[in-house]
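Peer 1: Make a model of this:
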Amino acid sequence: MANLAALDFTLLAAFEALLIERNVTRAADRVGMAQPSMSNALSRLRHLFDDELFVRTPKGMQPTIRALALARPISEMLGQVRRLLDPDAGFNPATSERRFVLGMAPFATYTLLPAFLPMIRREAPLAEVHFFSLELQDEARLLDESRMDLAVGIVCDLPKRFGTRVLYHDRAVCIARKAHPALRDGLTLERFVALPHVHATHYMQTLVDAALAQHGLVRRVAISGHNYLAIGMIVAHSDLLAIVPERMAGDVACRGEVEVHELPLTLDPQPVGVAWSKHGQSDPAVTWLRDRICDITAERPGAAAPAHHSSLSLRARRSASRR
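Peer 2: Residues are numbered from 1 along each chain as shown. Okay, here's the model as predicted:
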């Protein structure tokens, strides 16, 4: 049985920082420790829990199975202690040096970052933001393990242990180069499946392909990739079509490079949301960040909300898009 006298909350804070940063030096900076003190805390944690907890690898300090099992209860315990010691504790973005970690679907990165980054530099100039693609990632696991503060994308179907909020609704449209010779009379279903496509994996592509399959049709994909920034350029300089979210299409079209076409299919707008772990609910910094993301991505006045979800569940769509 573990010796409770050997446990102090500094050790638990060190554990939480190591789990998030996966690096002894960065973890020490996160909690205001010297690097040798963090190394000593790790040694004490290993002795206390009789486990290595974090193993050095070329990709950083990777948690053991025991460490992952401890992640949520330790985070919840620290949250309760913080509230007990300082229930009115707030977060001052103007002076905070917090490192925020965001997991974002690629299409969300494209539409969110242009507004998000200026806000962060203006309101939290000392903060650091690290974001990574949620493509092919397990959002639930990453939130449970405190690997990220927030997830942005198709998150509204996550388990109920997570908090979620819809940011906006978006729909799939088609972009093509200006004066496309095959689209002078508009985009018909026949032309849509006959012309070659650029395929950049995202959930709307899965919706479109599922709708085509109901008609016994498939698209002809000529190029596949994950680089959203390249889609507009590829389409503008070729006869290829691309399916993109409407918000992204509007930005590309404003540059005068492409035209936006309505899809020759009936699809509902889809919810794009933000998710957070319940055990991180007590973190005022995460609450601030979540609320600011909600503010800058708020549903535009008059934007259409979906009358109902497609017959494909969001989880099924996500699974299909990752195959």
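
Peer 1: all contacts plus neighbour counts: C-alpha atoms, from now on.
Peer 2: OK.

Peer 1: Show me the strands in the stretch 51-200 of the chain, by range?
Peer 2: 54-57, 60-63, 99-104, 128-133, 150-153, 162-170, 172-177, 196-200 (DSSP state E, counting those that start in this stretch).

Peer 1: In JSON lines: these, plus distance to residue 19, mean pLDDT and mean neighbour count.
Peer 2: As requested, the strands of the stretch 51-200 of the chain are exported to JSON lines (distance: least, C-alpha to C-alpha, whole Å; pLDDT from 0 to 100; neighbours: other C-alpha atoms under 10 Å):
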{"stretch": "strand 54-57", "distance to residue 19": "8", "mean pLDDT": "93", "mean neighbour count": "14"}
{"stretch": "strand 60-63", "distance to residue 19": "7", "mean pLDDT": "91", "mean neighbour count": "17"}
{"stretch": "strand 99-104", "distance to residue 19": "13", "mean pLDDT": "92", "mean neighbour count": "20"}
{"stretch": "strand 128-133", "distance to residue 19": "15", "mean pLDDT": "90", "mean neighbour count": "14"}
{"stretch": "strand 150-153", "distance to residue 19": "16", "mean pLDDT": "92", "mean neighbour count": "26"}
{"stretch": "strand 162-170", "distance to residue 19": "19", "mean pLDDT": "91", "mean neighbour count": "20"}
{"stretch": "strand 172-177", "distance to residue 19": "38", "mean pLDDT": "93", "mean neighbour count": "25"}
{"stretch": "strand 196-200", "distance to residue 19": "32", "mean pLDDT": "90", "mean neighbour count": "21"}
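
Peer 1: List the beta-bridge partners for the residue most central in space within the chain.
Peer 2: Nearest to the mean C-alpha position of the chain, by C-alpha atoms, centre = their mean, lies residue 104 at 2.2 Å. Counting by DSSP bridges, residue 104 forms beta bridges with residue 133, residue 152.

Peer 1: wait, it sits on residue 149?
Peer 2: No: applying C-alpha atoms under 8 Å, one finds residue 104 not in contact with residue 149, separated by 11.0 Å.

Peer 1: any chance of the strands of the stretch 51-200 of the chain in JSON lines, with distance to residue 14 too?
Peer 2: Listed next are these as JSON lines, based on distance: least, C-alpha to C-alpha, whole Å:
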{"stretch": "strand 54-57", "distance to residue 14": "12"}
{"stretch": "strand 60-63", "distance to residue 14": "13"}
{"stretch": "strand 99-104", "distance to residue 14": "15"}
{"stretch": "strand 128-133", "distance to residue 14": "20"}
{"stretch": "strand 150-153", "distance to residue 14": "21"}
{"stretch": "strand 162-170", "distance to residue 14": "24"}
{"stretch": "strand 172-177", "distance to residue 14": "45"}
{"stretch": "strand 196-200", "distance to residue 14": "40"}
